[in-house]
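In: Any chance you can model this:
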Amino acid sequence: MSESSTSRAFERLRKKLEGEVLWIYVSNLLLEENGLSVVELKKRLKEKFLISTKTVYLYTVLYRMEREGLIRRETREGKESVYFLENKGKEVYMRGLEYLKSKLELLSMRNRTD
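Out: Below you'll find the predicted structure:
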(Lines give C-alpha, C1' and ligand atoms only; values in the text may rest on other atoms or scores of the structure.)
Protein backbone atom coordinates (compact mmCIF):
# COMPACT_ATOMS: atom_id res chain seq x y z
CA MET A 1 0.00 0.00 0.00
CA SER A 2 1.19 3.45 -0.78
CA GLU A 3 1.51 6.18 1.82
CA SER A 4 -1.19 8.29 0.16
CA SER A 5 -3.81 5.51 0.23
CA THR A 6 -3.28 4.79 3.92
CA SER A 7 -3.36 8.46 4.84
CA ARG A 8 -6.63 8.98 2.94
CA ALA A 9 -8.19 6.02 4.72
CA PHE A 10 -6.96 7.31 8.06
CA GLU A 11 -8.27 10.79 7.35
CA ARG A 12 -11.72 9.37 6.54
CA LEU A 13 -11.67 7.41 9.79
CA ARG A 14 -10.66 10.49 11.77
CA LYS A 15 -13.41 12.61 10.20
CA LYS A 16 -16.03 9.97 10.96
CA LEU A 17 -14.93 9.49 14.56
CA GLU A 18 -14.54 13.17 15.34
CA GLY A 19 -17.23 14.79 13.25
CA GLU A 20 -20.12 12.45 12.74
CA VAL A 21 -20.17 11.19 16.31
CA LEU A 22 -19.32 14.45 18.06
CA TRP A 23 -22.29 13.81 20.38
CA ILE A 24 -20.34 11.13 22.27
CA TYR A 25 -17.52 13.58 23.04
CA VAL A 26 -20.03 16.24 24.12
CA SER A 27 -21.76 13.67 26.34
CA ASN A 28 -18.43 12.75 27.93
CA LEU A 29 -17.70 16.39 28.73
CA LEU A 30 -21.18 16.99 30.17
CA LEU A 31 -20.92 13.81 32.23
CA GLU A 32 -17.76 15.21 33.83
CA GLU A 33 -19.10 18.74 34.26
CA ASN A 34 -22.73 19.59 33.64
CA GLY A 35 -23.78 23.12 32.79
CA LEU A 36 -21.31 24.01 30.04
CA SER A 37 -21.84 26.70 27.42
CA VAL A 38 -21.00 26.30 23.73
CA VAL A 39 -17.79 28.29 24.25
CA GLU A 40 -16.79 26.05 27.17
CA LEU A 41 -17.67 22.88 25.25
CA LYS A 42 -15.68 24.00 22.22
CA LYS A 43 -12.66 24.80 24.41
CA ARG A 44 -12.82 21.47 26.25
CA LEU A 45 -13.24 19.50 23.00
CA LYS A 46 -9.96 21.03 21.86
CA GLU A 47 -8.16 20.52 25.19
CA LYS A 48 -9.28 16.99 26.00
CA PHE A 49 -9.83 15.37 22.61
CA LEU A 50 -7.83 17.65 20.27
CA ILE A 51 -11.01 18.23 18.27
CA SER A 52 -11.58 21.58 16.59
CA THR A 53 -15.08 22.13 15.32
CA LYS A 54 -16.99 25.03 13.89
CA THR A 55 -19.33 26.68 16.36
CA VAL A 56 -22.29 26.35 14.01
CA TYR A 57 -21.72 22.59 13.74
CA LEU A 58 -21.51 22.27 17.52
CA TYR A 59 -24.85 24.11 17.81
CA THR A 60 -26.31 21.65 15.28
CA VAL A 61 -25.12 18.67 17.33
CA LEU A 62 -26.49 20.22 20.53
CA TYR A 63 -29.83 20.95 18.87
CA ARG A 64 -30.14 17.33 17.74
CA MET A 65 -29.16 16.04 21.17
CA GLU A 66 -31.72 18.31 22.82
CA ARG A 67 -34.44 17.31 20.37
CA GLU A 68 -33.73 13.64 21.16
CA GLY A 69 -33.90 14.28 24.91
CA LEU A 70 -30.23 13.54 25.57
CA ILE A 71 -29.49 17.01 26.95
CA ARG A 72 -31.42 20.01 28.17
CA ARG A 73 -30.63 23.67 27.66
CA GLU A 74 -31.03 26.36 30.29
CA THR A 75 -30.36 30.07 30.09
CA ARG A 76 -27.75 31.52 32.41
CA GLU A 77 -27.83 35.08 33.63
CA GLY A 78 -28.18 37.15 30.53
CA LYS A 79 -28.60 35.20 27.33
CA GLU A 80 -25.96 32.47 27.53
CA SER A 81 -27.28 28.93 27.18
CA VAL A 82 -25.75 26.08 29.16
CA TYR A 83 -26.26 22.39 28.54
CA PHE A 84 -26.93 19.51 30.91
CA LEU A 85 -26.77 15.78 30.24
CA GLU A 86 -30.09 14.08 30.96
CA ASN A 87 -30.47 10.49 32.25
CA LYS A 88 -31.36 9.35 28.74
CA GLY A 89 -28.17 11.02 27.51
CA LYS A 90 -26.11 9.14 30.11
CA GLU A 91 -27.70 5.85 29.07
CA VAL A 92 -27.12 6.46 25.36
CA TYR A 93 -23.54 7.59 26.06
CA MET A 94 -22.79 4.42 28.05
CA ARG A 95 -24.38 2.28 25.34
CA GLY A 96 -22.31 4.04 22.67
CA LEU A 97 -19.14 3.64 24.70
CA GLU A 98 -19.77 -0.09 25.16
CA TYR A 99 -20.45 -0.44 21.44
CA LEU A 100 -17.16 1.27 20.56
CA LYS A 101 -15.27 -0.86 23.10
CA SER A 102 -16.72 -4.06 21.64
CA LYS A 103 -15.72 -3.05 18.10
CA LEU A 104 -12.20 -2.12 19.23
CA GLU A 105 -11.91 -5.45 21.01
CA LEU A 106 -12.93 -7.30 17.84
CA LEU A 107 -10.47 -5.27 15.77
CA SER A 108 -7.69 -6.02 18.27
CA MET A 109 -8.19 -9.79 18.28
CA ARG A 110 -5.66 -11.84 16.39
CA ASN A 111 -6.93 -14.21 13.78
CA ARG A 112 -6.46 -17.79 14.91
CA THR A 113 -6.22 -20.82 12.74
CA ASP A 114 -6.47 -23.92 14.90
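In: So what's the gap between the longest helix seen in the chain and the chain middle?
Out: Taking DSSP state H as the criterion, the chain has its longest helix at helix 87-108. For helix 87-108, the gap between its own C-alpha mean and the chain's C-alpha mean amounts to 12 Å (C-alpha atoms, centre = their mean, to the nearest Å).
In: Begin at 497 from now on, thanks
Out: OK, 497 is where the count begins now, so the last one is helix 583-604.
In: What average pLDDT does it get?
Out: Averaged over helix 583-604, pLDDT sits at 94.
In: Could you check that helix and say which residues are buried?
Out: Buried positions in helix 583-604, judged by neighbour count with 16 or more other C-beta atoms under 10 Å: 585, 588, 589. From N, CA and C alone the C-beta is placed, and that goes for glycine too.
In: In this structure, what residue spans correspond to helices?
Out: When assigned using DSSP H, the helices of the chain occupy the ranges 499-511, 518-528, 534-545, 551-563, 583-604.
In: which parts of the second one are buried?
Out: Yep, that's helix 518-528 we're talking about. Within helix 518-528, the residues that count as buried by 16+ other C-beta under 10 Å are 518, 519, 521, 522, 523, 524, 525, 526.
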